[in-house]
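Asks: what follows is a protein structure lacking sequence information:
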């Protein structure tokens, strides 16, 4: 259950991988606020240092940032 995930991790998002800065059990989606267990983390942006809950959220965030001229 997501409520029992433990403590948040701090990550540095790289292109294709991430570095654990502070160990933990989950990260929080930058868009939805959902907790993402580290083993389930598949989508993030190294440019914005954000994690995303799924591909749809990541794609929408990319489009949003593109429309704002940030990429």
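Replies: Sure thing, it's come through. Bear in mind that the values here come from a model prediction, so they are computed numbers and not experimental data.

Asks: I'd like to know how far the residue nearest the centre of the chain sits from residue 8.
Replies: Centrality entry for the chain: nearest residue to the mean C-alpha point is residue 51, 0.8 Å, by C-alpha atoms, centre = their mean. Relative to residue 8, residue 51 is positioned 11 Å away (C-beta to C-beta, to the nearest Å). C-beta coordinates here come from the backbone N, C-alpha and C atoms, glycine included.

Asks: re the thing from before, quick check: which element contains the residue nearest to the centre of the chain?
Replies: Using DSSP states H and E, residue 51 sits in strand 50-52.

Asks: strand partners (parallel or antiparallel) of that strand?
Replies: Paired strands of strand 50-52, with direction, are strand 43-45 (antiparallel) (DSSP bridges).

Asks: mean confidence for the strand it pairs with?
Replies: Averaging pLDDT along strand 43-45 gives 97.

Asks: name the residues of it that are buried.
Replies: Using 16 or more other C-beta atoms under 10 Å as the test for burial, strand 43-45 gives 43-45.
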